[in-house]
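Peer 1: build the 3D model from these lines:
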Amino acid sequence: MPSGKSILFVPLIAALLISCSAGKEDKGEEVASVNGAPIYMQEFMKEVKTISRREPGVKLTEERLEEILHTMVDRKLLIDEAVKAGLSQDEHFLESIKSFWEQTLIRELIDKKNREWADKLIVTDDEVRQRHSLMQSKITLRVIKTHDMKAAEAALSELPTKGSLMGPLFIEDIRPMDPLFAAFGKEAGERGIAGSGDDFFAYEVVKREPSGAPPIESVYEALRTSLLEEKKERVLEDWLEARKKAAAIKVNEDAIERLE
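Peer 2: Okay, the predicted model is just below:
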């Protein structure tokens, strides 16, 4: 670690960590400074907590705390040099920062919404057993894809001659939001229509056979977790669709056509 006036190391870090309140809003004391740029106690404690979560078995000795501070100092120096070199104004760097900021903001929003919806995002024992029941079979389909419900209804009679074979499919191959997911609930020979928007399907279950799925006891928790994630995705999509309908969205079709 560099020495001299540029680094003002506080030796009793452990004692300061204990005495400094985690809920304190001010930045606390300066733990160090690099070319005049301070590293505050709050910033240091945040770094320590992050590393503690990442290394749960490692004890926070005074030596380990010093190592963490060394790393923070090195990082400050590298950032200082990058700024001096003009890299902070580089277009590629700024685009990367913008992209990272947007992704982080979206992730934080999704986490916030999931917390708000937590009470209704519950997976029951029956739901797990129903999904496991669907896992017991793999199916082969004959399918015709259309752009609306009326065309899909007309296509039902054309399935034997114009339908394309698809499969064998396992339940894991189809997303629950996919219209063909409903086909797993039908027997061989049954037909159906499913879809929304511009994607409709006329389908027939050509063959239904055992999939060799493991017993429910060995996959129960994995299924429950998977179903919970599906519910999160579905409620988020529904919420986003509602926001989309309420928003003022304009699409410049002419500009898009010029790209084709």
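Peer 1: only C-alpha atoms for contact and neighbour calcs from this point on.
Peer 2: Fine.
Peer 1: in stretch 126-135, what's buried?
Peer 2: Across stretch 126-135, burial judged by 16 or more other Cα atoms under 10 Å covers Val128, Arg131, His132, Leu134, Met135.
Peer 1: closest to Phe201 among these?
Peer 2: Leu134 (20.1 Å; Cα to Cα).
Peer 1: picking that back up, ok, the buried residues of stretch 126-135 vs Glu67, which is closest?
Peer 2: The closest of the buried residues of stretch 126-135, once distances to Glu67 are taken by Cα to Cα, is Val128, at 47.5 Å.
Peer 1: list the helices and strands the one helix or strand the closest one maps to packs on?
Peer 2: Remark: Val128 resides in helix 125-135, with elements defined by DSSP states H and E. Other elements packing on helix 125-135 under the criterion 3 or more Cα pairs under 8 Å, 6 or more residues apart in numbering; DSSP states H and E are helix 216-246.
Peer 1: what residue ranges in this protein are flagged as low confidence?
Peer 2: 1-26, 259-260 (pLDDT under 70).
Peer 1: show me the helices in the protein, by range?
Peer 2: With DSSP state H applied, the chain shows helices at 13-19, 41-54, 62-84, 91-116, 125-135, 149-155, 159-162, 216-246, 253-259, listed in chain order.
Peer 1: give the buried residues for the fourth one.
Peer 2: When burial is assessed from 16+ other Cα under 10 Å, helix 91-116 yields the following buried residues: Asn114.
Peer 1: and that helix, how far out from the chain middle?
Peer 2: From the chain centre to the centre of helix 91-116 is a distance of 11 Å (Cα atoms, centre = their mean, to the nearest Å).
Peer 1: between helix 216-246 and that helix, find me the angle.
Peer 2: Counting by axes from the mean of the first three to the mean of the last three Cα atoms, to 10 degrees, helix 91-116 points 110 degrees away from the direction of helix 216-246.
Peer 1: from the centroid of the chain, which residue is nearest?
Peer 2: Arg107 (7.1 Å; Cα atoms, centre = their mean).
Peer 1: now do the contacts for that residue.
Peer 2: By Cα atoms under 8 Å, 6 or more residues apart in numbering, the contact set of Arg107 is empty.
Peer 1: how far away is it from Lys76?
Peer 2: 27 Å (Cα to Cα, to the nearest Å).
Peer 1: go on, Glu172?
Peer 2: 47 Å.
Peer 1: that older thread, specify which member of the buried residues of stretch 126-135 is nearest to Ala188.
Peer 2: Of the buried residues of stretch 126-135, the one sitting nearest to Ala188 (Cα to Cα) turns out to be Leu134, at 13.8 Å.
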